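In: Dropping the sequence and predicted coords here.
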Amino acid sequence: MGSTDGGPFRRMLKRLTSDVEVLDADDLSEDSERAGAQRASDCACGEEVTMLGRLRSVEFCPQDAAASLEAELFDGTEGVTLVWMGRRRIPGVVPGRTMRVRGRLSVRDGRKVLYNPYYEICQGS
């Protein structure tokens, strides 16, 4: 009879009383689902995955170290570390940018990692 989410009033009340970070995570998760991407929390090591999320951080390696670029992609459910080997910088890969990435998921030190993922910088980010 009624909707499962409690109706428009309950959704509005939730938006007014919830923490901004929680609302942002919910929005990212919904955007990812609408785009047909997989949720990071549902993915397991060894799977070929496609994810959509926002870059939380980007770390450039020092000049004297082996070239690599690391970024954390957050899709609203969980963070995934992106590592590009042999790269020090990639134009457009900056914190706050929304990206779609694809690759085989690994686990390093208990965190999910995509090495040298294919990536697409999304418009409007």
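Out: Everything's here; your move.
In: check contacts around residue 106.
Out: Each residue near residue 106 by Cβ atoms under 8 Å, 6 or more residues apart in numbering is listed here: 45, 46, 112, 113, 114, 115. Just so you know, the C-beta spots here come from the backbone N, C-alpha and C atoms, and that holds for glycine as well.
In: just curious, which of those residues is nearest to residue 93?
Out: Of all the contacts of residue 106, residue 93 sits closest to residue 114, with 13.1 Å by Cβ to Cβ.
In: Could you give me the buried positions within the lengthiest strand in the chain?
Out: Across the chain, the longest stretch assigned as strand under DSSP state E is strand 48-60. By neighbour count on 16 or more other Cβ atoms under 10 Å, the buried set for strand 48-60 is 49, 50, 51, 52, 53, 54, 55, 58, 60.
In: I'd like the next helix or strand past that strand.
Out: Using DSSP states H and E, the helix or strand that follows strand 48-60 in sequence is strand 68-74.
In: what packs against that following strand?
Out: Applying 3 or more Cβ pairs under 8 Å, 6 or more residues apart in numbering; DSSP states H and E, we find strand 68-74 packed against strand 48-60, strand 79-85.
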